[in-house]
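1. here's my sequence, what's the structure:
(chains A, B, C and D)
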Number of protein chains: 2
Amino acid sequence: MIKALIIDDHPLFAEGMKSMFKTEDGIEVVAIIQNGHLAPKILEEQIIDVILLDIDMPIIDGIATMELLFSKDCQVPILMLTMHQSMKYIKEALKKGAQGYILKDASKKELVEAVTQTAQRKNYFHPKISEKVFDYFRGKKTTKPEGQNLSEREVEIISCLSNGMNSKAISEELFISEHTVRTHRKNIMHKLRVKTSAELVRLAFERNIIGV
Amino acid sequence: MIKALIIDDHPLFAEGMKSMFKTEDGIEVVAIIQNGHLAPKILEEQIIDVILLDIDMPIIDGIATMELLFSKDCQVPILMLTMHQSMKYIKEALKKGAQGYILKDASKKELVEAVTQTAQRKNYFHPKISEKVFDYFRGKKTTKPEGQNLSEREVEIISCLSNGMNSKAISEELFISEHTVRTHRKNIMHKLRVKTSAELVRLAFERNIIGV
DNA sequence: TTATAAATACCCCAAATGCGGTATCCAAAA
DNA sequence: TTTTGGATACCGCATTTGGGGTATTTATAA
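-> Purely as a prediction, here's the structure:
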């Protein structure tokens, strides 16, 4: 029986997965945690064969959780779970050493397959993912319109803007030149293709870049 | 036993929920479909006590699915499922006649409660949602606390601003002088005590002035 | 009837923005 | 090693904004 640990900030999702794995699948979810920080403790306490790790989490995200685990010499294979097929995350996860990668909109069959493979330290990539990775290594930049790849600094700037700061105030807040703030603002507005700061804030809200 | 139909484009999520509901919960998921278009057929074939409807779907979204169902005289109570607590969707769903509203990051207990209540045609709103709705109706119907009683015109202006229009564009959109738009903007910003349009949009979002 | 609020329109002016650039440093990736 | 991306900084310039006003019309409430 494969013993799995789920790290996901959506209890419903995690619980759903837990009750989905039946005995006949040979998979048992022995622990569910909402936060990567709690992982090392669990791994000390019990034997875990595979970690199902959600990549989009608020406090400490999937990538950071992996770093934390590896820094503690964790040897347990990791299957990344994600809603989005963002190449950015795929690259990060692979680089960090994820054993598998699957989308949350996969079927139950695919998921069981993924967990089983990963637990045996074989690589598993969801067809949609491997297709993307394949395209990527082919040199196709078709996976480019990622759109929402704002840097941390840029998000910080947007947040300040939404709080009523102008470029000068932001520059003082972040201890950088006002010129730099203006450059950031220009870059952001180009990336998100908006014409005004007001629209920028709306978009940021709608895409949960800020506010949530 | 409550017979539920799940409409969700994430099979994993739907399957997870299905296997989560145990006999002792009194809920049985009798069908799962990925697409609202398939709903009428299911409803003809079997008795359904409650529909769990994901609001964020690609082909035909939750709101559109509700419209489709009601256009076919569907009497089955609907529990909306969503990842985000966007007032935009909440308003839409309530207006269309959803019986309940729950977030996907709810606990299993909350979900069972929600499904049970909804199936009995009682309203169910996740605490986070009811709080938001309460705030919304308070901000709209109770006597105004001095601050945010904006006129319809003013709301219209804010909406335009959040869509990236400048004063000139708004004046053309609303067939009024640019001077008038500027006067409105000044009045709005005084009323809401904000310093920039970006902050204005943030506040408008937070107070659910816009978001439709 | 008389306030009051909303929508309309206009003035001035300093400050900020948006848009076009260029350029350096540095770390990470190829 | 070279390239790339992010963060930093600067210049110029036309347009827009925000803040300070005033004022008329109209509809509604006191």
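2. up against DNA strand D, what does chain A have?
-> A:149, A:151-154, A:171, A:174, A:176-180, A:182-184, A:196 (C-beta under 7 Å from any atom of the strand). Heads up, the C-betas are built off the backbone N, CA and C, glycines and all.
3. nearest to chain B among the residues you listed?
-> Closest approach between those and chain B, by C-beta to the nearest C-beta: residue A:196, at 5.1 Å.
4. for that closest one, give its distance to residue B:177.
-> 20 Å (C-beta to C-beta, to the nearest Å).
5. and for residue A:108?
-> 61 Å.
6. residue contacts, residue A:209?
-> A:148, A:150, A:155, A:158, A:203 (C-beta atoms under 8 Å, 6 or more residues apart in numbering or on different chains).
7. of those, buried ones?
-> A:150, A:158, A:203 (16 or more other C-beta atoms under 10 Å in any protein chain shown).
8. what's the neighbour count on residue A:128?
-> 14 (other C-beta atoms under 10 Å in any protein chain shown).
9. pretty sure it sits in a helix.
-> Yes - under DSSP: H, G, I helix; E, B strand; the rest coil, residue A:128 sits within a helix.
10. I'd like the next helix or strand past the lengthiest helix in chain A.
-> As assigned by DSSP state H, the longest helix anywhere in chain A is helix A:178-192. Downstream of helix A:178-192, the first helix or strand assigned by DSSP states H and E is helix A:197-206.
11. what about stretch A:97-114, near DNA strand C?
-> No - with C-beta under 7 Å from any atom of the strand as the criterion, DNA strand C is not reached by stretch A:97-114; the gap is at least 12.8 Å.
12. can you point out the buried residues in that stretch?
-> So, applying 16+ other C-beta under 10 Å, buried residues of stretch A:97-114: A:98-106, A:108, A:110-114.
13. just confirm yes or no for that stretch near chain B.
-> Yes - with C-beta under 8 Å from any C-beta of the partner chain as the criterion, chain B is reached by stretch A:97-114 at A:104, A:105, A:106, A:107, A:108, A:111.
14. the first one: what's it in contact with?
-> The contact partners of residue A:104, taken as C-beta under 8 Å, 6+ apart, are A:13, A:81, A:82, A:83, B:10, B:12, B:13.
15. closest residue of chain A to chain B?
-> residue A:16 (2.2 Å).
16. just checking, that residue touches residue B:13?
-> Yes - the pair residue A:16 / residue B:13 is scored as a contact, 6.4 Å apart, by C-beta atoms under 8 Å.
17. any weak-confidence spans in chain A?
-> In the predicted model, chain A carries pLDDT under 70 at residues A:57-61, A:84-89, A:91-92, A:95, A:131-148, A:208, A:211-212.
18. kindly recompute the last result at 90.
-> A:1, A:8-26, A:33-45, A:53-114, A:117-157, A:159-164, A:166-178, A:186-195, A:202-212 (pLDDT under 90).
19. just give me the neighbour total for residue A:192.
-> Counted with other C-beta under 10 Å, residue A:192 comes out at 18.
20. identify the residue spatially nearest to it, adjacent ones excluded.
-> Distances taken as C-beta to C-beta, 6 or more residues apart in numbering or on different chains put residue A:203 closest to residue A:192, at 5.5 Å, once the chain neighbours are dropped.
21. then stretch A:203-212 to PDB, C-alphas only?
-> C-alpha atoms of stretch A:203-212 as PDB (Å, rounded to 0.1, in the frame of the first residue of the first chain):
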ATOM      1  CA  LEU A 203      -7.200  43.700 -13.800                       C
ATOM      2  CA  ALA A 204      -5.000  42.900 -10.800                       C
ATOM      3  CA  PHE A 205      -8.100  42.400  -8.700                       C
ATOM      4  CA  GLU A 206      -9.800  40.200 -11.300                       C
ATOM      5  CA  ARG A 207      -6.700  38.000 -11.700                       C
ATOM      6  CA  ASN A 208      -6.200  37.800  -8.000                       C
ATOM      7  CA  ILE A 209      -2.800  39.400  -8.300                       C
ATOM      8  CA  ILE A 210      -3.700  41.600  -5.400                       C
ATOM      9  CA  GLY A 211      -6.500  41.800  -2.900                       C
ATOM     10  CA  VAL A 212      -7.300  38.100  -2.200                       C
END
